[in-house]
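Chemist: Take this sequence and fold it.
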Amino acid sequence: KTKITSSIYKVRFQLKFALLLSYLGQFVSQTQPPCCPRKQVGGIKYTLAMVGDTSAEGCVDSCIYRSSESPANNFCFKKGALPSICNRCQKLITRQNVSSSKITGNFDAFNKTLAKMKQDKGWKGYLDIASYHGKPYRCTIDQKFPGNEAGCCIAHYVTAGDIIENFVPWHRLFIVNMEISLNQNSDGDLAMPYWDWTSPPNSILKLPLLAKQGEWTYRNRNFKPPNTDYLRGMVKTAFKQGSFINFNRQIVLPHNHVHTSIGGSMGTISYASYDPIFYLHHSYVDLQFAYYQELQKLRGKPVTKESFSKPLQSAEMQPFASKGVNPYEATRVNNIGYQTLDYEHNFCYKFSQLLFEGLTPAEFLERDEQEMKYPSILAGVAMNTTGYPSTVSFDLVSPTSGSLAAGSFFSLGQGQDPNFSQYNSFSFIYFDFTDILSDSATVSHDTSVKIKITNITNAAPESAYQPVVVFRPAGSRQHTYRIHTDDISQYAPVMHGQPGANLQFLDENGNRTTDTIFEYINDADGTEVKIPINVGEDQEIKYNEHKYQHNETGTTITFGYAEYFWCDPSGDAHPLGDVTVVQWDRDSSSQIVTTIQWETVLLAWCQGCLANVNEVSKDDYDNCQNLNPTNARY
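Modeler: Numbering: from 1, shown residues only. Predicted structure coming up:
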């Protein structure tokens, strides 16, 4: 900062200058274009405070702003090279529940507007905006634009790597583009309604009235309504996730279920977006995204740029980044995942209310804490997306309790043959059975319980990997994964679960197995060796990869975790989710780590040799005794 006078300071941001005004100038009349009500300069957001005399400071206009980072100060701007993005939201439009009287009493306006949008054959028209999602293909297989190999919807089409955390951001941009067209073609301020397909509780889902009349109907639906409680359960599991990546991985499940239940074009990725009900459906998925953002703020882990994996922190989402096909500046300049987070500021809309099961985000967390007092039983499923739209059904099976139909999930496809032989993500998706079991406490402690896939449409059940039983004890968030050695060849060869979890090897009756299990480790000179584990004890998942071999069958499985931190170019580690990451290297000094309740601590190293970590008691550490590792791993 360079002091100019006793009351005015100049702050330099590369080539662009913001002048910090510690006084309010005399008001002047505007002979310039209207001031931008909200703008972003060099990544910092500013809100218009007033119009005043800034001529003494040499600013380009008389607009005076305040920043959330420095709310007590006032700023004006000189010419410079930093990118400046104006947000001209004169007011926020409000998305209403499609069943509210504000929507049901206004069908005529929604029909006239959608008809007008369908008549527009340009990039502001309904059909061309809808084409962003699937066919005709406009992207390459790796999501470059233009192309003709794949749809541009990232989460459905990318095969190179797992970038599921862009599922809700991409669809937020998509709904915004359709909403802008809806709003601009209307006589009023129409916003995209949302269809809450989790309400009312314990009922058979019904299509919204708007989607069953006028311009909002579609020719080929084949609706097979699910029970709303099943959808609520999947959404609830998604909201309990501590990392943004895992939230995306979970919320896609009820989303798929609704698509497939409606059927017709909605059941395929290629053509779903041409059915108008798509936008009512995804407007609600976007509300779920907003709800999760509030949950994370309350948890002290807000969704930010750092919540995205490193490659996605700069990856543009297509085709929104292309001026040739995207006429709307709001989504064109905010086309990176993290830029979608501030939807009120960047896209000028809000929701009439943020509720799930009648609960605010704060109330949801209060209930979650109460439910933590009781045990849970879940299925951990590692499976790829099938090529063809498929329904996967599974049962809970026990030698003592028999068989119980536990549920199903839907996989969207592009119309090609299903393929369960390869999968792109090793990470589990979870199904919580606790609420559907009459005696969940007894069943969750029954270690003989297995989860069997009983049916897959368009594929044989044995072509899919067997899900893993996941047990969460009362009063804890730690998972215990149960591997039944009589079925060990049926599990996925690589599985990613929760860091710090426990792994149990059990026989068909749920007892500790008497089979021999080896774990592969590297000795001091880097040679891979295998050592027998104590099968009578839980195996703690400390590392991101534990490789085990079942001696009797020769089957090898790898169990670990991934995607909980990323490394920057300097070699520093950053958390991605509900973990505390401690930078670790051979020169690490003593430090105290403070965490919140239930949080896992990861000792992470991004470069150099893998460090061996030996856990000792504080007394032994303070007295420098018993420090030699007994289970050295290099």
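Chemist: In this structure Trp195 contacts Leu209, no?
Modeler: No. If you go by C-beta atoms under 8 Å, Trp195 and Leu209 don't touch, sitting 10.4 Å apart. Glycine gets a C-beta too; all of them are placed from N, C-alpha and C.
Chemist: where do the contact lists of the two overlap?
Modeler: Overlap of the contact sets of Trp195 and Leu209 (by C-beta atoms under 8 Å, 6 or more residues apart in numbering) consists of Val98.
Chemist: Mind checking which of these two has more residues around it?
Modeler: Neighbour count, other C-beta atoms under 10 Å: between Trp195 and Leu209, Trp195 has more, with 24 against 13.
Chemist: The residue nearest to the more buried one when sequence neighbours are not counted: neighbour count?
Modeler: Spatial nearest neighbour of Trp195, chain neighbours left out: Leu280 (4.0 Å); criterion: C-beta to C-beta, 6 or more residues apart in numbering. Neighbour count for Leu280, taken as other C-beta under 10 Å: 23.
Chemist: Look up how far His546 lies from Leu280.
Modeler: Applying C-beta to C-beta, to the nearest Å, the value for Leu280 to His546 is 45 Å.
Chemist: Likewise for Ala459?
Modeler: 30 Å.
Chemist: so which strand or helix has Ser403?
Modeler: Using DSSP states H and E, Ser403 maps to strand 402-411.
Chemist: Name the residues of the very next helix or strand once past that strand that are buried.
Modeler: Using DSSP H and E, the helix or strand that directly follows strand 402-411 along the chain is strand 429-432. Neighbour-count burial for strand 429-432, with 16 or more other C-beta atoms under 10 Å as criterion, is recorded at Ile429, Tyr430, Phe431, Asp432.
Chemist: Just read off the phi/psi values of Arg66.
Modeler: Here is the backbone geometry of Arg66 (degrees, to the nearest 10): phi -130, psi 150.
Chemist: Now that Gly571 has come up, it's in contact with Cys606, right?
Modeler: Yes. Counting by C-beta under 8 Å, Cys606 is a contact partner of Gly571 at 4.5 Å.
Chemist: what about those two, which has more around it?
Modeler: Ranked by neighbour count (other C-beta under 10 Å), Gly571 and Cys606 place Cys606 first, with 17 against 12.
Chemist: Name the nearest residue to that one, ignoring sequence neighbours.
Modeler: The shortest distance from Cys606 to any non-neighbouring residue, by C-beta to C-beta, 6+ apart, is to Cys567 (3.5 Å).
Chemist: got it, and Leu312?
Modeler: Using C-beta to C-beta, 6+ apart and skipping the chain neighbours, the partner closest in space to Leu312 is Gly337 (5.2 Å).
Chemist: List the contacts of that neighbour.
Modeler: Applying C-beta under 8 Å, 6+ apart, the residues near Gly337 are Glu165, Asn166, Pro169, Trp170, Phe308, Leu312, Gln313, Ala315, Met317.
Chemist: can we see that at 10 Å?
Modeler: Listed by C-beta atoms under 10 Å, 6 or more residues apart in numbering, the contact partners of Gly337 are 154, 163, 165-170, 172-173, 244, 303, 305, 307-309, 312-317.
Chemist: same deal with Asn246?
Modeler: 164-165, 237-238, 240, 427-430, 498, 563-564, 576-578.
Chemist: what's the angle from the one helix or strand it maps to to strand 402-411?
Modeler: Asn246 belongs to helix 244-262 when assigned by DSSP H and E. Going by axes from the mean of the first three to the mean of the last three C-alpha atoms, to 10 degrees, helix 244-262 is angled at 90 degrees with respect to strand 402-411.
Chemist: so where do the strands sit in the stretch 301-450 of the chain?
Modeler: With strands called from DSSP state E, counting those that start in this stretch, the stretch 301-450 of the chain shows them at 349-351, 376-381, 390-398, 402-411, 429-432, 450-456.
Chemist: would you turn those into CSV with distance to Leu341 and mean pLDDT?
Modeler: CSV is the format used below for the strands of the stretch 301-450 of the chain (distance: least, C-beta to C-beta, whole Å; pLDDT from 0 to 100):
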stretch, distance to Leu341, mean pLDDT
strand 349-351, 14, 97
strand 376-381, 29, 91
strand 390-398, 32, 83
strand 402-411, 28, 74
strand 429-432, 23, 90
strand 450-456, 35, 88
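Chemist: Mind putting those strands into TSV with distance to Lys224?
Modeler: Formatted as TSV, the strands of the stretch 301-450 of the chain follow (distance: least, C-beta to C-beta, whole Å):
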stretch	distance to Lys224
strand 349-351	29
strand 376-381	22
strand 390-398	10
strand 402-411	11
strand 429-432	20
strand 450-456	15
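Chemist: Any idea which of those strands gets closest to Ser70?
Modeler: strand 349-351 (25.4 Å; C-beta to C-beta).
Chemist: Now that closest one: buried residues?
Modeler: Using 16+ other C-beta under 10 Å as the test for burial, strand 349-351 gives Tyr349, Phe351.
Chemist: And that strand, what does it pack against?
Modeler: Secondary-structure packing of strand 349-351 (3 or more C-beta pairs under 10 Å, 6 or more residues apart in numbering; DSSP states H and E): strand 93-95, helix 167-184, helix 277-298, helix 343-347.
Chemist: looking at these, which is closest to Gln504?
Modeler: Closest among the helices and strands packed on strand 349-351, using C-beta to C-beta: helix 277-298, at 30.7 Å.
Chemist: hmm, back to that, now do the contacts for the residue nearest to Trp195.
Modeler: Contacts for Leu280 (C-beta under 10 Å, 6+ apart) come out as 98, 103, 175, 192-197, 207-208, 210-211, 216.
Chemist: cool, and Tyr548?
Modeler: By C-beta under 10 Å, 6+ apart, the neighbours of Tyr548 are 483, 488, 503, 505, 517-520, 530, 533, 539, 555-559.
Chemist: if you set the cut-off to 6 Å instead, what comes out?
Modeler: Listed by C-beta atoms under 6 Å, 6 or more residues apart in numbering, the contact set of Tyr548 reads Ile517, Glu519, Ile557.
Chemist: Determine which residue lies closest to the centroid of the chain.
Modeler: By C-alpha atoms, centre = their mean, the chain has its centre lying nearest to Asn248, at 2.6 Å.
Chemist: Name all residues that make contact with it.
Modeler: Ile164, Glu165, Phe167, Val168.
Chemist: Over to Lys135?
Modeler: Shown in contact with Lys135 (C-beta under 6 Å, 6+ apart): Ser270.
Chemist: likewise Ser181?
Modeler: Counted by C-beta under 6 Å, 6+ apart, Ser181 has contacts Met117, Lys124.
Chemist: Check Lys310 too.
Modeler: Trp566.
Chemist: Can you tell me what sits against stretch 192-204?
Modeler: For stretch 192-204, the surrounding residues in contact (C-beta under 6 Å, 6+ apart) are 95-98, 103, 175, 179, 205, 208, 225, 228-229, 231-232, 235, 258, 279-281, 283-284, 287.
Chemist: end-to-end on that stretch?
Modeler: 24 Å (C-alpha to C-alpha, to the nearest Å).
Chemist: Brilliant, that's me finished.
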